[in-house]
Structure formats: C-alpha cells, structure tokens
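[1] generate coordinates for the sequence data below:
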Amino acid sequence: MCYSYETDYQNHRIDVPERFNPVIQIVDAWAAEESDAPALLSLGSEGEIDHAQTIAELSRESRRMAQALLSLGVKKGDRVLIMMPRVPAWYTAMLGVMRFGAVAIPTPNLSTARDIAYRVKTAAPIAIIADGVAASKIDTIRKDLSGVAHAIEWSDPRSARSHWLNMQSLLASVENYHDVPVDPTSKGEPLLIFFTSGTVSYPKMVLHDQSYALGHVGTARYWHNVGAGDRHWTVSDTGWAKAAWGGLFGQWHERATVVQANLPTADAHTILSIIRQHRITSFCAPPTLYRSLVQLELRSYDLTSLRQCTSAGEPLNPEVIKIWKNSTGLTVRDGFGQSETTAVIANTRNLPVRPGSMGKTMPGYQVDIVDNSGALLAAGEVGCIAIRTEPRPLGLCLEYLDSPERTTQAFRNGYYYTGDRGSRDSDGYFWFESRDDDVINSSAYRIGPFEVESALIEHTAVVEAAVVGKDDAARTQIVCAFVVLASAFRASPELIKELQDHVKRETAPYKYPREIHFVGELPKTISGKIRRSELRRWLRDGIPHAPE
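    Alright, predicted model coming up:
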C-alpha cells in the first residue's frame, strides 16, 4: 500500500474515551476479537524461541498478576518498581500492574544498588518485582526499603529466597483471576513513571497518564510501519522508555507481534541471524548497533523479510546508511523523541529521506523552532525544538513529579521545550543541532554527568570532578572526566583504573569515565558553576596539565 506523509498527517485522529485503560482497551479488546493472534515472541540468549504467547495468553497472565497484587493489598495509584530482563515475566508484571491502575516504574537492568536505592527513595514504591540478579543487588540496600511492603522475585520456586515472595508461586496461588476491576481508570490518571538522565541533579521522574499508550499508535503505524501479521523488534533494555516505544501497546494496537530477545550482548551476527530466522519485518536499533552490523558481510544474511528499519538517538553516519541501503535495499529511518514523549519527529513511511535530517513532525504533534520567549524562528535558523501544548498531544508527559521548577521551566509559552536545539528547513525537515543541557549520548545510553561526578567525589583521592561527553566515532560520545586530586595523591595510570572501577561499583557500569584527566582546577563561572563549555574546548584545543 502506498502512503504519503501529507495524508497521514492530515488524517491522523485518535479519540480517547474518558474511561480508558490500555490493558483493557488494547490487549483485552484484541483478545476478544482474535484470541489466537500471536502477540509476543520471546527469544533466548542465542536467539532461539523461549516462549511464544498469543494475545489471549497475555491478557490472562496480566489478570493473574493483577489479582495476585490486589490480594497482597496493592491498590490503584500505588507505585511498583519493576526490574527484569527481556523475558515474558516482564510483560506479565508490567501489564498486571497497569491493569488495575497501579503505576509501573520500569528500571534499567544495569542499575546498581545505589541507583535502585535512589529510585526507591524518590518514587516510594509499595512493591518491587525483580529477577534474581536485581534481587541480589536489592538485598544489599534493604535498610533503604522501609516503605516497600512487598518484594517479589521472579525465579525458580525451588531456589526462592526466604525473605522474598516468589512470583511464580504467587501466580500459581491465584484461583480466580476474573475478579479484577473492569473499568479501573480514566484517561488522565497515572500509568507509568520513567526516570530521566540527570544533568545538574539526580534523575527526575516523568509521569505519563493512561492515554500515553495511544500516543504510541503513531510510533508504530507511521514510523515502525507495522500492521497485522508483522513482527516488530526494538533492541532495548526493558528499563528504558524505548522499550515502551517498541513493545508496549502501539504495535498491539496495530495488531503486530512484538519480538524481544534476552541476549547477553548485542552480538552483530546473532542480531542478523534473528532477523533471518524469525522473519522480522520491522527492526529498530540504536545507531551504535547499526555501525557494528555493517561491519559484517550483510549480503551473506537473508534479510529479505525486512520492510522497515528505524533508529533513534542521533543521526546515523551517511556511510552506514549507504552500506545498509546497498545491502538490504532499505533506508534506515531516523526518529526523535524522549522519555517525556512518544516519537515526535521522524522519517515516516514513504517520506523521502534527507540524510542527516530527523524527518518531519509526527502525526498528532505540532513542533516548532522557537526562541526562549516562544517566538517562531525562520526556516534555517537554529533554536529550541518545542512542542505545542494546545491542544495537548497524546504521548506528552503530564509533569516532572515532585519537581515543579523543572515542570515550569519545560512547559511555558504554550510549548513543551524539549531541551534540544535544531532548525527546520523550508520543506519542513528538522535538523538536530545540540542538546541544551549536558546529557551524554554514549552507545545509545543517555548519561547524566551529575551521577558520575557524585560517584567520583566519593573517592578519597578526589577533591572535585566534572564530566562531559567527548565525541567518539564508535560510541557517539564517551564519558570524559576532569579530576582535581587531593594533596596526598598523585596522578597515575593505576589511579585512573581505580577511579574507573570505583564508578562502576557506585553507579551503572556503562556510566564509567573512559577517559580521566587530572587538572589543577576546574573552570567555573563567578557564581561557582562549572563551565562545561570550557571543558569541551580543552578537549578540542588541549588540556592544561595539573601542577606537580
């Protein structure tokens, strides 16, 4: 079927009923229409089929989970932190929590005990659902879990921890899973919470309401370009918003099968073999993965099932796009969005791609380039990428929870300011320029410098620390730290390794600084704020040596 961007944009309309819950109106509705439709294909560590579930089975398992939680006393509005890998149980937990109006908090699997403790303290979940690896981390911070009434572990019941409820046993004990609420939520009530990357503070909580699920209809329909019979695979950790983009509600609304693979690493050969073996039709991956895929001889793999390839995070290198196109016949289509949104700008289905451009405004959104006062800028001028909030688009977050200052800063002048800068040409294509803040994009991870700096400063050798991103061909950026040492310590390769290992222990391993430079002092403003622009200039022009 032939589509045009103009027709998609003009005709897009989704009416959200006042009483709405995505598990009921999307999952259950599809199950009632076509109970045997394949909805979720879960793959194991080598790409083999671990479990295939129909939409009716997903509906049933979510009911069992909901009833189990309700029997424990978890109520509508309660928050539940979920930390599990790409396994069927993650969907059971997520859908079960959301089914009766509790609020899910997906958490990255690489989170350390320190990360988890911060999230528990900030979000105050009443329950935690975790796999064995996460449970081991959580056991080290049990003193920080005073508000958590229920700790539930997904593991073999035969090896269950005595101080954790076992998820499998809990589900098996549910006798009647038909008693869960049938009309639990209105469209504006809370659905889930994502944590953003921190820049000048720790990560903030982004609150989405029930209608957020329907915001991803556009993501699935126009960007991933899926429909009935398609298989869509987004390569993402379950704790990131990208997992919702590619695996929660949008694809099911369009009657496509979601694929997930619990791979230990993103091995390029395994990725391509999965596409071939499981006949993936729509594939979404970060730019860093595409860069590794094109290192292989793509023509030796049967990728003929693919119809749509997408990527987000930053523009792909033109050479990578060229190699992929020459080998598969398909152009990788960039998209742009945040934890606060669904896909906002994208190279949608059949839109002619201009290499380097993010594409055009997604149906359902109105996006402008404005200055700080909200004034529209002319074509080609660089300014703030901002989303109009009247009417408020489906998929845009409600607020930053417990952070009215940040909410006010982001929502002003009739816009939501994304914190990104770019331009729009006379044909409506958007071009990314830079971030307003100092978030580091490294191998598709968004890393806030504040957390890394905080971990460094906890080491006895460190008096001050500042972190910026350094451009890197393989990873987009790497974390680069500038450190002022205490007088009793001297710079050495051994100390660099010690500080790197310290950061890996104190925060997620992917956040550690791959470069550390020892300096005599950090550049600061009159008010004492670190001048990160100066640090980036040092990386370009030369770094001052620390005094002996």
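
[2] what helices or strands is the helix or strand where residue 418 lies leaning on?
    Element membership for residue 418 (DSSP states H and E) is strand 415-424. When contacts are defined as 3 or more Cβ pairs under 8 Å, 6 or more residues apart in numbering; DSSP states H and E, strand 415-424 sits against strand 367-370, strand 383-388, helix 404-410, strand 430-435. (Glycine included, C-beta is placed from N, CA and C.)

[3] can you rerun that using 10 Å?
    Under the contact criterion of 3 or more Cβ pairs under 10 Å, 6 or more residues apart in numbering; DSSP states H and E, strand 415-424 touches strand 332-337, strand 343-346, strand 367-370, strand 383-388, helix 404-410, strand 430-435.

[4] looking at those, which is buried most?
    strand 343-346 (a mean of 28; mean count of other Cβ atoms under 10 Å).

[5] flag the shaky bits of the stretch 51-200 of the chain, pLDDT-wise.
    For the stretch 51-200 of the chain, the stretches with pLDDT under 70 are 197-200.

[6] what's near enough to touch residue 496?
    When contacts are counted by Cβ atoms under 10 Å, 6 or more residues apart in numbering, residue 496 touches 481, 483, 513, 515-518.

[7] for the stretch 51-200 of the chain, what spans make up the strands?
    79-83, 103-106, 127-131, 150-154, 165-166, 190-195 (DSSP state E, counting those that start in this stretch).

[8] need those in TSV with mean neighbour count and distance to residue 502, can you?
    Converted to TSV, these look like this (neighbours: other Cβ atoms under 10 Å; distance: least, Cβ to Cβ, whole Å):
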stretch	mean neighbour count	distance to residue 502
strand 79-83	26	23
strand 103-106	24	27
strand 127-131	25	25
strand 150-154	23	28
strand 165-166	18	34
strand 190-195	24	23
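
[9] could I get these as TSV with distance to residue 208?
    Putting the strands of the stretch 51-200 of the chain into TSV (distance: least, Cβ to Cβ, whole Å) gives the following:
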stretch	distance to residue 208
strand 79-83	13
strand 103-106	9
strand 127-131	19
strand 150-154	23
strand 165-166	27
strand 190-195	5
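
[10] continuing past the helix or strand containing residue 494, what's the next helix or strand?
    Here residue 494 sits within helix 493-506, counting by DSSP H and E. Per DSSP H and E, helix 493-506 leads on to strand 515-518 as the next helix or strand towards the C-terminus.

[11] quick one: strands adjacent to that following strand?
    Here strand 515-518 is paired, per DSSP bridges, with strand 476-485 (parallel).

[12] pull the CA atoms of the partner strand into PDB?
    This file holds the C-alpha atoms of strand 476-485, laid out as PDB (Å, rounded to 0.1, in the frame of the first residue of the first chain):
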ATOM      1  CA  THR A 476      28.900   8.700  19.500                       C
ATOM      2  CA  GLN A 477      30.300  10.100  22.800                       C
ATOM      3  CA  ILE A 478      32.300   8.700  25.700                       C
ATOM      4  CA  VAL A 479      32.200   9.800  29.300                       C
ATOM      5  CA  CYS A 480      35.200  12.000  29.900                       C
ATOM      6  CA  ALA A 481      36.100  13.200  33.500                       C
ATOM      7  CA  PHE A 482      38.200  16.000  34.800                       C
ATOM      8  CA  VAL A 483      39.500  15.400  38.300                       C
ATOM      9  CA  VAL A 484      41.200  17.600  40.900                       C
ATOM     10  CA  LEU A 485      43.200  15.400  43.300                       C
END
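
[13] now the terminal residues of stretch 389-400, how far apart.
    Length of stretch 389-400, first residue to last, Cα to Cα, to the nearest Å: 15 Å.

[14] isn't residue 246 right next to residue 258, touching?
    Yes - A contact is recorded between residue 246 and residue 258 when judged using Cβ atoms under 10 Å, the distance being 7.4 Å.

[15] hey, what's in contact with both of these two?
    220, 226, 232-234.

[16] now do the buried residues in stretch 281-301.
    The neighbour-count check on stretch 281-301 (16 or more other Cβ atoms under 10 Å) flags 281-294, 298, 301 as buried.

[17] now residue 95. Nearest residue, chain neighbours left out?
    Leaving aside its sequence neighbours, residue 95 sits nearest to residue 62 (Cβ to Cβ, 6 or more residues apart in numbering; 3.5 Å).

[18] picking up where we left off before, what subset of the shared contacts of residue 246 and residue 258 is buried?
    Buried by 16+ other Cβ under 10 Å: 220, 226, 232-234, out of the shared contacts of residue 246 and residue 258.

[19] that older thread, quick one: which of the shared contacts of residue 246 and residue 258 sit in strands?
    Assignment to strands by DSSP state E places the following of the shared contacts of residue 246 and residue 258 there: 232-234.

[20] out of these, which one sits closest to residue 202?
    Residue 202 lies nearest to residue 234 out of those, by Cβ to Cβ, at 27.1 Å.

[21] would you quantify the distance from the closest one to residue 538?
    Residue 234 is 37 Å from residue 538, where distance means Cβ to Cβ, to the nearest Å.

[22] mind putting the helices and strands packed on strand 415-424 into a markdown table with mean pLDDT?
    Listed next are the helices and strands packed on strand 415-424 as a markdown table, based on pLDDT from 0 to 100:
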| stretch | mean pLDDT |
| --- | --- |
| strand 332-337 | 94 |
| strand 343-346 | 97 |
| strand 367-370 | 98 |
| strand 383-388 | 96 |
| helix 404-410 | 95 |
| strand 430-435 | 80 |
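
[23] ok, which of these comes nearest residue 252?
    strand 343-346 (16.4 Å).

[24] quick one: strands adjacent to that closest one?
    The strands beside strand 343-346 in its sheet (DSSP bridges) come out as strand 332-337 (antiparallel), strand 360-361 (antiparallel).

[25] what sits up against the shortest one?
    The set of residues that contact strand 360-361 without belonging to it, under Cβ under 10 Å, 6+ apart, is 5-6, 9, 336, 344-348, 351, 354, 367-368, 387-388, 424, 427-430.
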